[in-house]
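In: requesting a structural model of the entry that follows:
(one chain, ligands or ions: 1)
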Amino acid sequence: MSSPQNQTPPFVLDAAGVRISQRWQRAALCAAAGAGARQRLREETHQSRGQLVRQLLRLLRGRDFLWLGLGCAGLVLSSLAELASPPLAAAALFSAVQGRHHLLLPRCAAVAGVAVLSGAAEGLRNFSFNMLRSNLVARLRQEAFGVLMSQELSFFDEADGELTSRLSSDCMSVYSYLSDVLSFFLRSGAVALCSLLELLRLSPSITWRVLLMLTLVMVCAEWYGRVTRSTGRKTQDALAELGRISSEALQLLRTVRALGAEDLHKRLFKQQNAVINETQRRRGMALGIFSAASNGLGLLLQMVSLLIGSSLVLAGSMTAQALATYLLYLDTAVDSALELGIEWSSCNDALGSAERVLRLLADGPVFEPAGHCPGAVSGDVLFDSVSFTYPSRPKHQVLEKVSLHCAAGKTTALVGFSGSGKSSLISLLLRFYDLEDGQGILKFDNADVRHLDRVWLRRQMGLVPQSPKLFRGTIAENIAWGQPCVTQAEVHAAAEAAMAAEFIAELPEGFDTICSDEKLLSGGQRQRIALARALFRDPAVLLLDEPTSALDPKSSALVSQALEQAKWSESRKCPRTMIIVAHDLRLGAVQSADQIVVMDGGRILERGGHAELLELNGSYKRLMEDQRLPTEHTPRI
Ligand SMILES: Nc1ncnc2c1ncn2[C@@H]1O[C@H](COP(=O)(O)OP(=O)(O)OP(=O)(O)O)[C@@H](O)[C@H]1O
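Out: Numbers count the residues shown, from 1 in each chain. Okay, here's the model as predicted:
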C-alpha cells in the first residue's frame, strides 16, 4: 500500500496523457510539414536562414528596439512563470492530499500569483512583438515596392510574373514568419529546454527512456512527413492549376459563352478537382495510420513514465510529489517541444516564401547617378546604326543597324510589318532599355541618351501608347497624373488640344468622372485622354504608338485632327517633333509626315515622303494596296 504521500492523483496523469497524445499528433503533422518546408528551402533558398534573418533585422529602426526589448522582457517573465508553475501546483495539490490545509491557501495564492504574472507577461510580449512585427512588415512592403518601382523594364521582362503579383503575399509571409518566431518559437524553445533540464534533474532514469521513445515518434513523423510532403506539393500544384483554369474561364466568360465551351471548362476544372481530392484522400489515410501509431506511443510514454516513476516512489528513491511534479513538467516539456515543432515548420514555410521579397530587398533599388540635363531642348532624335536585342531574348535580333534622323519639329511616321521593330525604337528613345557598347548610338539633341538624365529625358517626351490604360481617379487627375500644381484651365486646355473636351463634358460628372471602370470609355475616348495626358506635359517630342488602332473611322478622324493640332507647341512657339508608329496608312498624320519610314525585320526598307514612296513603287506602295488605299491620289482623313 502506498502512503498518502506516495499517491499520485490519477487525473494529473489522465489529463496529461490525453493532451500528450493529441499534441504528438499535431507535432507529427507539423514535423511533417516542417520537413516539407525544409526540403523546399533546400531546393529554393540560395541564402542561408541566418542571412535572411539578418536582412530582416537590418530593417529595425528607432522605436522598434524599444518594442523588441519589452517583448523580450515579457518572453523571459512568461517563460519563468511557466516553469515555476509545475512545482507550485504539485506542492498545492499535495498540501491538500497530505492534509496540510494551512499550506493550501498560500500555495494556491502562489499559483494564482504566478498565473497573473504569466498573463501580464504574455500580454506585454504579444503587444510589443505585434508592434515590432507590424512596423517591420510595413517598412518591408514599402521598401520592396520602392525597389520594384526603381527597376528597369528589362527586370520585369526577365522576372517571373509572380514576383510583382506576390509582393503582398510574400510580405504577409514575412509577417507570419515574424509572428511564429516572436510569438511562439522563442518562448516554446526556452520552456522546452528548461523543462527538459528540470526533468533530467528530477529523474534522469525516466528521462532517458522518454527521450528514446520520442525518437520512435520522430521516425513515425518522418514517414508521415514524406507522405505529406509529396501530397502537399501535388495539392499546391493542382490548386494553382485549378485557380488558373477558373480565373481564365471567368475572365474570358464572354468568349467561353460565344464559343459554347462551358462544358470543356467544367471538364478541365473537374479533372484538377479530382487530383486534389485524390491527394487529400492519400494524406487522410496516412494521417489515420500515423495517428494510431502516435496515440499508441503516447499512451506508452505515459505508462512507462508512470511505471518507472511508481517503482521509484515505492523504492523510496522518489517522492510522490516529485513524481507529480515530474509528470507536470513532462506535460510542459512535451507541449513546448511540440509547439516548437509546429513553429519550426511554419517558420521554415514562411521564411521560404518570404525569401524572394527579402532577396529583392537585398538587391536594393537601382540607383543611377543623375545624368546631364541640358537647358534648351529642340527635340532632335538620331538613331545611328542601332542594333538591338531584348535582354530576355538575346538571340532574337530586333533591330539591325537602323540609322534614322528624326529632325527637330518634323514628323516621322514608322510604318511596316508587324514585329518589324517600330515600337522598339520608341522604347529605346524613352530609355526603357539602353543600348550597349557596339550596338550603335542613340542621340537626343546631339547627346548620347545614355549620358542624359533618364527622368529629364522622359520629361521631354509625351507617349501615347497602343492601348492606353487609365489610373483609378478622375478624368482630370488622369490628364494631370504625376504633376503636382495643376490648374483646371491647364487640364481643360490639354483636353481641348486632344479633341477630348467635348465627350468629357457629356460624361456624368465631366472632368470629375471617376474612370476606374474602363467600360465607361470607348477605345477612342481613352486614346484621346492619353493624348491629352501627353500634351498636358507639353513635350518637345510626341511619341504615338498606333494612335488609331482599333478605332472606328469617326474616332480615328478625331484623333487625326488632334494630331494635326499637336504638331505645334503653343507654349514653345515652335513645331513639335512627332514620331508616329502606324499600321493605318489612311491616317493624315502619316501621309503628311515629313518622312515615312518603312520597316521590316528590324531594318529600314524605304524612307521618304508619301508621294516619293509611291513613286518608288516598292513596299510602301504595296502596303497601301494591301489596305486598298488609292495609290495615285490619296485622300486625307
Ligand atoms: N519586351 C520584349 N521582350 C522580348 N522581345 C520583345 C519585347 N518586345 C518586343 N519584342 C519582340 O521584338 C520584336 C519587335 O517588336 P516591336 O513591338 O518593336 O514590333 P512592331 O513593329 O512595333 O510590331 P507591331 O506593329 O505589331 O506593334 C518582335 O519580334 C517582338 O516579339
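In: just the CA coordinates of stretch 546-558, formatted as CSV?
Out: Extracted C-alpha coordinates of stretch 546-558, given in CSV (Å, rounded to 0.1, in the frame of the first residue of the first chain):
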residue,chain,number,x,y,z
GLU,A,546,-0.7,53.1,-83.1
PRO,A,547,-2.8,56.1,-82.1
THR,A,548,-5.8,55.0,-84.1
SER,A,549,-5.5,51.2,-83.7
ALA,A,550,-9.0,49.6,-83.4
LEU,A,551,-10.8,52.9,-83.8
ASP,A,552,-13.8,53.5,-85.9
PRO,A,553,-13.4,56.0,-88.8
LYS,A,554,-15.1,58.8,-86.8
SER,A,555,-12.9,58.4,-83.7
SER,A,556,-9.9,57.9,-86.0
ALA,A,557,-10.7,61.2,-87.7
LEU,A,558,-11.0,63.0,-84.4
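In: figure out how far it is from the centre of its chain.
Out: 37 Å (Cα atoms, centre = their mean, to the nearest Å).
In: contacts for it?
Out: Outside stretch 546-558, the residues that touch it by Cβ atoms under 8 Å, 6 or more residues apart in numbering are 464, 466-467, 499, 522-525, 527-528, 531, 559-560, 563, 580-584, 586-587, 589, 637. In this view, the C-beta of every residue, glycine as well, is placed from N, C-alpha and C.
In: again, only this time at 7 Å
Out: 464, 466, 499, 523-524, 527-528, 559-560, 563, 580-584, 587, 637 (Cβ atoms under 7 Å, 6 or more residues apart in numbering).
In: okay, helices next: where are they in the stretch 251-400 of the chain?
Out: 253-259, 262-314, 320-363 (DSSP state H, counting those that start in this stretch).
In: mind putting those helices into a markdown table with distance to residue 452?
Out: Converted to a markdown table, those look like this (distance: least, Cβ to Cβ, whole Å):
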| stretch | distance to residue 452 |
| --- | --- |
| helix 253-259 | 45 |
| helix 262-314 | 51 |
| helix 320-363 | 25 |
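In: TSV for the ones you listed, including mean pLDDT, distance to residue 71 and mean neighbour count?
Out: Shown next, in TSV, are those (pLDDT from 0 to 100; distance: least, Cβ to Cβ, whole Å; neighbours: other Cβ atoms under 10 Å):
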stretch	mean pLDDT	distance to residue 71	mean neighbour count
helix 253-259	85	49	11
helix 262-314	85	33	16
helix 320-363	70	16	22
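In: out of those helices, nearest to residue 215?
Out: Proximity to residue 215, assessed across those by Cβ to Cβ, is greatest for helix 262-314 (10.4 Å).
In: contacting residues around the nearest residue to residue 111 once chain neighbours are set aside?
Out: Spatial nearest neighbour of residue 111, chain neighbours left out: residue 88 (5.0 Å); criterion: Cβ to Cβ, 6 or more residues apart in numbering. Residue 88 is in contact with 107, 110-111, 114, counting by Cβ under 7 Å, 6+ apart.
In: what is the nearest of those residues to the ligand?
Out: residue 114 (64.6 Å; Cβ to the nearest ligand atom).
In: spit out the contact partners of that closest one.
Out: 81, 84-85, 88.
In: returning to what we had before: restrict the contacts of stretch 546-558 to contacts with the ligand.
Out: With Cβ under 6 Å from any ligand atom as the criterion, the contacts of stretch 546-558 include residue 581 near the ligand.
In: can I have the buried ones of the contacts of stretch 546-558 as a PyMOL selection?
Out: Selection of buried members from the contacts of stretch 546-558 for PyMOL, criterion 16 or more other Cβ atoms under 10 Å:
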select buried, resi 464+499+523+524+527+528+559+560+563+580+581+582+583+584+587
